[in-house]
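K.L.:
Dropping a prediction and its sequence here:
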Amino acid sequence: MIALPRDTELMADAEATARAAAEHLIEMVTSAPGERAAICLSGGSTPKRLYALLASPGFVERVPWERVHWFFGDDRVVPWDDPLSNVRMVREAFGHASPVPPTHLHFIPSDEGAEIGASAYAATLKTFYGADALDPARPLFDLVLLGLGSDGHTASLFPGKPALAERDAWVAPVPEAGMEPFVPRITLTFPALASARSVLFLVNGAGKRDPLRRLAAGEDLPAAHATSVGRLSWFIDRDAAEA
Ligand SMILES: O=C1O[C@H](COP(=O)(O)O)[C@@H](O)[C@H](O)[C@H]1O
């Protein structure tokens with residue numbers, strides 16, 4: 001077994017990870033201190049089952065959909081119907097009869113390039129938050145979901161890229177993304193992702209053993225820099241944790 005990050009729950013398989021994440025998400029939205037709850041979604045393939053579960057019997061009736069606003073941690077600068085788009089993935093996972101009120105899905109703009117999209121999304125977040133500066137006592141998100149890329153990236157914070165060092169902006173353009181296909185991206189920065197009552201990494205499958213091993217060895221991977229003003233935890237399945 002790989003030495004796992006502090007505050008890890010080891011899951012039997014990917015289905016168990018998705019179910020536990022759905023329970024955690026429901027706990028975070030129902031315990032949100034204000035009238036609204038804010039969730040920051042991760043992209044990629046890992047969270048797809050979680051999103052589908054939320055819209056399915058057993059979960060759909062337990063989510064206070066009218067209260068929840070859904071944001072994105074990152075996306076590629078491609079049309080929202082492109083197979084590479086996280087918007088498309090999330091829409092497909094929630095399904096045609098999506099329970100999400102359309103005005104509660106806050107997509108990252110992708111039609112005017114990475115720079116303009118990043119500043120437009122920062123404005124969206126600041127309007128929702130009601131301030132230009134993040135107050136650790138009043139987190140922006142109730143829950144931030146994160147994934148772990150095979151190269152150790154999280155959101156679209158890739159090894160060696162300037163966005164990693166961003167301390168002021170909430171959202172950053174990533175003109176040359178670090179993984180194929182090389183499509184420009186837009187990402188929330190570490191300070192924005194950390195402004196959460198809970199930050200939760202979801203990690204499944206044998207493809208994640210290498211970055212988990214490298215994190216355990218103390219390598220300076222982007223995912224190692226994720227923090228939270230609240231709790232930071234990991235749900236990792238056995239397949240990923242196998243040595
Ligand atoms: O590029 C991305 O990759 C990570 C990990 O994705 P996965 O397919 O390995 O689960 C993801 O968290 C990020 O949002 C996505 O844009």
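P.N.:
Here it is on my side, so go on.
K.L.:
any idea how far residue 111 is from the nearest residue to residue 175 once chain neighbours are set aside?
P.N.:
Distance criterion C-beta to C-beta, 6 or more residues apart in numbering; nearest residue to residue 175, sequence neighbours excluded, is residue 184 at 5.1 Å. Every C-beta, even on glycine, is put in place using the N, C-alpha and C of the backbone. Using C-beta to C-beta, to the nearest Å, we find residue 184 at a distance of 12 Å from residue 111.
K.L.:
And residue 133, by the same measure?
P.N.:
Residue 133 is 29 Å from residue 111, by C-beta to C-beta.
K.L.:
the more surrounded of the two?
P.N.:
Comparing residue 133 with residue 111 by other C-beta atoms under 10 Å, the one with more neighbours is residue 111, at 11 against 8.
K.L.:
quick one: pLDDT of that one?
P.N.:
You'll see residue 111 listed with a pLDDT of 92.
K.L.:
about what we covered before: could you double-check that the residue nearest to residue 175 sits in contact with residue 115?
P.N.:
No - using C-beta atoms under 8 Å, residue 184 is not in contact with residue 115; the gap is 9.3 Å.
K.L.:
residue closest to the middle of the protein?
P.N.:
residue 42 (2.8 Å; C-alpha atoms, centre = their mean).
K.L.:
pLDDT score assigned to that residue?
P.N.:
Per-residue pLDDT puts residue 42 at 98.
K.L.:
anything in contact with each of residue 184 and residue 115?
P.N.:
Contact criterion C-beta atoms under 8 Å, 6 or more residues apart in numbering; residues shared by residue 184 and residue 115: residue 173.
K.L.:
Compare the two and say which is more crowded by neighbours.
P.N.:
Each of residue 184 and residue 115 has its neighbours counted (other C-beta under 10 Å); residue 184 has more, 18 against 14.
K.L.:
who's in contact with that one?
P.N.:
Contact analysis of residue 184 by C-beta under 8 Å, 6+ apart lists 76, 77, 113, 114, 173, 174, 175, 176, 177.
K.L.:
Now stretch 20-30: average pLDDT?
P.N.:
For stretch 20-30, mean pLDDT is 98.
K.L.:
for stretch 150-167, same thing?
P.N.:
Across stretch 150-167, pLDDT averages out at 95.
K.L.:
Now do the end-to-end distance for that stretch.
P.N.:
One end of stretch 150-167 sits 25 Å from the other (C-alpha to C-alpha, to the nearest Å).
K.L.:
And stretch 180-197, by the same measure?
P.N.:
33 Å.
K.L.:
So what does residue 201 have for phi and psi?
P.N.:
With angles defined as degrees, to the nearest 10, residue 201 sits at phi -90, psi 140.
K.L.:
Let me know whether it touches residue 240 as I believe.
P.N.:
No - the pair residue 201 / residue 240 is not scored as a contact, 10.6 Å apart, by C-beta under 8 Å.
K.L.:
tally of neighbours for residue 134?
P.N.:
Counted with other C-beta under 10 Å, the neighbours of residue 134 add up to 18.
K.L.:
list the buried ones in the helix or strand encompassing residue 17?
P.N.:
Using DSSP states H and E, residue 17 sits in helix 14-30. By 16 or more other C-beta atoms under 10 Å, the buried positions in helix 14-30 come out as 14, 16-22, 24-26, 28-29.
K.L.:
Restricting the selection to alpha carbons, write the helix or strand just after that helix to CSV.
P.N.:
As assigned by DSSP H and E, the chain's next helix or strand after helix 14-30 is strand 37-41. Taking Å, rounded to 0.1, in the frame of the first residue of the first chain, the C-alpha atoms of strand 37-41 are listed here in CSV:
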residue,chain,number,x,y,z
ALA,A,37,-24.5,26.7,-1.0
ALA,A,38,-21.6,26.8,-3.5
ILE,A,39,-19.9,23.8,-4.9
CYS,A,40,-16.8,23.9,-7.1
LEU,A,41,-16.8,20.9,-9.5
